[in-house]
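Student: predicted model follows, preceded by the sequence.
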Amino acid sequence: MEKGFLALILHAHLPFVRHPEFPDFLEEDWFYEAITETYIPLLKVFQNLTNEGIKFRITMSVSPTLLAMFQDSLLQQRYLKKIEKLIELAEKEVERTKWLPEFHDLALMYLEHYRFCHYFFAEKYRCDLTLAFKELMEAGNLELITCGATHGFMPLMINQTAIKAQVVTAVQSHIKAFGRPPRGIWLPECGYQPGVDEILRENGIRFFFTDAHGILHASPRPKYGVFAPIYCPSGVAAFGRDLESSKQVWSADEGYPGDPFYREFYRDIGYDLEYDYIRPYLPSSGIRVQTGIKYFRITGRTMDKHPYNIWIARERAATHAGNFMFNREKQIEYIASIIDRPPIVVSPYDAELFGHWWFEGPMWLDFLIRKITFDQNTIRLISPADYLEMFPKNQVSVPSMSSWGYKGYNEVWLEGSNDWIYRHLHKAADRMVELAMNYPNASGDLRRALNQAARELLLLQSSDWAFIMKTGTMVEYAVKRTKIHINRFNQLYDQIKYNRIELGYLGELEHKDNIFPNINYQIYNPNLSTRALQPEVAATLV
């Protein structure tokens, strides 16, 4: 009989980036890289385990923006072209490295992987990866939960109806993709403020996550710390992040990904090889970018990188998986000895850590699941919903306002580089509520314009733009996207209010920003209940 439980949470999210007005677009590569380096490798690991009859439980939040991109025909076709070009490049690399034994096996590995990605994406799942996630959900090995519709940062939303719209849209998107309502939600950036849980309850959400201090500073103080959930007064459960297990995995300095035998992320043939050779595989602008083919290992804090050896790295991944399991066993054994229930250790990570940033991450996860299954009996993998079913009685407490990220209290998303955006976000949210209340029964072109205004507001609210401004990567794009959605929303607002809708302009926006095709602008009407907006979840209310 196990002494406690481990909940591994993978947060799968990307901002909605889709530019049909250009033949290719640099920031769309975020999505294509994530498919090739993270989502297909993770799905492959989970499917292999499932096919071997190994039972496991992993919780994944798949954000509605990522779902929308998975299901978008334009992005699907562009990914196919992308992976076909990578196959062509890998074939050239196999030939080029024929007399470079330290690189040749790696070139063969990349070619095999890219061919598998093409088969998995195009043939097995007909270009829609949501089908693969759904299979694993139905097999009982993946607990799929949702996120804010566009990853809007809820603690900085003054308008409560705007928060409700993020949650309602997210639940609707999840039901459409997976055929059932989500039991949990990943609050964007783990951002929580008291009162958000009431909106979650109204939409059938049973649990969410906070960073550790969100639970530890709850009122009253939780008896079990982060090793058991607490119930908010609304009845929705909050699970706290375990700092020890999280840091072991995500930290490049202290965690496993910084091991010198693992693959170096930044050393890529897109920068290393002659320009004329690599040019056909670069964006149309011609700037050098990462291709994904990398031949060197981390080595250390030096520019002199040594060749990467996949077999040594694989051994290191197995060793690190064993170390992680041993640490969780000892952690759980100790906690179980001082509290009166089996503890749960909640370990959440960004999904893109596995494969994209940490190349060996998916194989580490594969080893970990196998080791937990066969090599010990102290801990069991579980989803938060499973834990609540086993232990339905929990302490009632109010989590503190919190987020993850630098200092843990919103500072990443509200500071000098990005504070200018919020006056626009707040005003746009108030205006959208005004429109929803003034036009309760719109139809025809007016309804189209109202729905598109709702899409533009949701896209404007993405926390990714503020995050990028803070971190200093691709700032120009984040600022441009923010200003574009402000301008598009305001133009639609004026056209609707003064009854001069420009159908050509509206059609152009519907083509470019086509997310949430079934959106109902009345999600911004504060007088409408969740029961009226989405009866599908009314029966699941906590």
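Tutor: Received, thanks. Numbers count the residues shown, from 1 in each chain.

Student: what residue ranges in this protein score low on pLDDT?
Tutor: 531-532, 534-542 (pLDDT under 70).

Student: that one: strands as residue ranges?
Tutor: 4-12, 58-62, 142-147, 185-186, 207-210, 230-231, 237-240, 344-350, 379-381 (DSSP state E).

Student: save those as JSON lines, and put in mean neighbour count too.
Tutor: Where you see a C-beta, it was placed from the backbone N, CA and C, and this is true even at glycine. Shown next, in JSON lines, are these (neighbours: other Cβ atoms under 10 Å):
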{"stretch": "strand 4-12", "mean neighbour count": "23"}
{"stretch": "strand 58-62", "mean neighbour count": "25"}
{"stretch": "strand 142-147", "mean neighbour count": "26"}
{"stretch": "strand 185-186", "mean neighbour count": "26"}
{"stretch": "strand 207-210", "mean neighbour count": "26"}
{"stretch": "strand 230-231", "mean neighbour count": "23"}
{"stretch": "strand 237-240", "mean neighbour count": "26"}
{"stretch": "strand 344-350", "mean neighbour count": "22"}
{"stretch": "strand 379-381", "mean neighbour count": "21"}
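
Student: of all those strands, which lies closest to K393?
Tutor: strand 230-231 (9.0 Å; Cβ to Cβ).

Student: and the strands of the chain as TSV, adding distance to E88?
Tutor: Below are the strands of the chain laid out as TSV (distance: least, Cβ to Cβ, whole Å):
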stretch	distance to E88
strand 4-12	28
strand 58-62	30
strand 142-147	33
strand 185-186	37
strand 207-210	42
strand 230-231	54
strand 237-240	46
strand 344-350	30
strand 379-381	40
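
Student: quick one, which of these is nearest to F261?
Tutor: Among the strands of the chain, the nearest to F261 by Cβ to Cβ is strand 344-350 (21.0 Å).

Student: who does the closest one touch, helix- and strand-wise?
Tutor: Helices and strands touching strand 344-350, by 3 or more Cβ pairs under 8 Å, 6 or more residues apart in numbering; DSSP states H and E, are strand 4-12, strand 237-240, helix 243-250, helix 310-338, helix 384-390.

Student: tell me which residues touch A336, please.
Tutor: Residues in contact with A336 (Cβ atoms under 8 Å, 6 or more residues apart in numbering) are K3, G4, P342, P343.

Student: closest one of those residues to Q76?
Tutor: G4 (41.9 Å).

Student: picking that back up, top of the contacts of A336 by neighbour count?
Tutor: P343 (25 neighbours; other Cβ atoms under 10 Å).

Student: contact partners for the nearest residue to it once chain neighbours are set aside?
Tutor: Counting by Cβ to Cβ, 6 or more residues apart in numbering, F227 is the residue found nearest to P343 once chain neighbours are left out, at 3.7 Å. When contacts are counted by Cβ under 8 Å, 6+ apart, F227 is found next to G4, D242, I335, I339, P343, I344, V345.

Student: how far away is F227 from N323?
Tutor: Remark: distance between F227 and N323 (Cβ to Cβ, to the nearest Å) = 21 Å.

Student: ok, now Y266?
Tutor: Counting by Cβ to Cβ, the gap from Y266 to N323 is 26 Å.

Student: so those two - more neighbours on which side?
Tutor: For the pair Y266 and N323, the greater number of neighbours falls to N323 (13 against 10), based on other Cβ under 10 Å.

Student: please report how far the more buried one lies from T59.
Tutor: 22 Å.

Student: swap in D128?
Tutor: The value you get for D128 to T59, if Cβ to Cβ is used, is 22 Å.

Student: please report phi then psi for N418.
Tutor: Note on N418: its backbone torsions stand at phi -130, psi 0 [degrees, to the nearest 10].

Student: pretty sure R370 contacts F56?
Tutor: No. If you go by Cβ atoms under 8 Å, R370 and F56 don't touch, sitting 9.0 Å apart.

Student: mind listing what the residue nearest to Q77 when sequence neighbours are not counted touches?
Tutor: Of all residues not flanking Q77 in the chain, C127 sits nearest, at 7.7 Å (Cβ to Cβ, 6+ apart). C127 sits next to S73, Q76, Q77, Y79, L80, F121 when contact means Cβ under 8 Å, 6+ apart.
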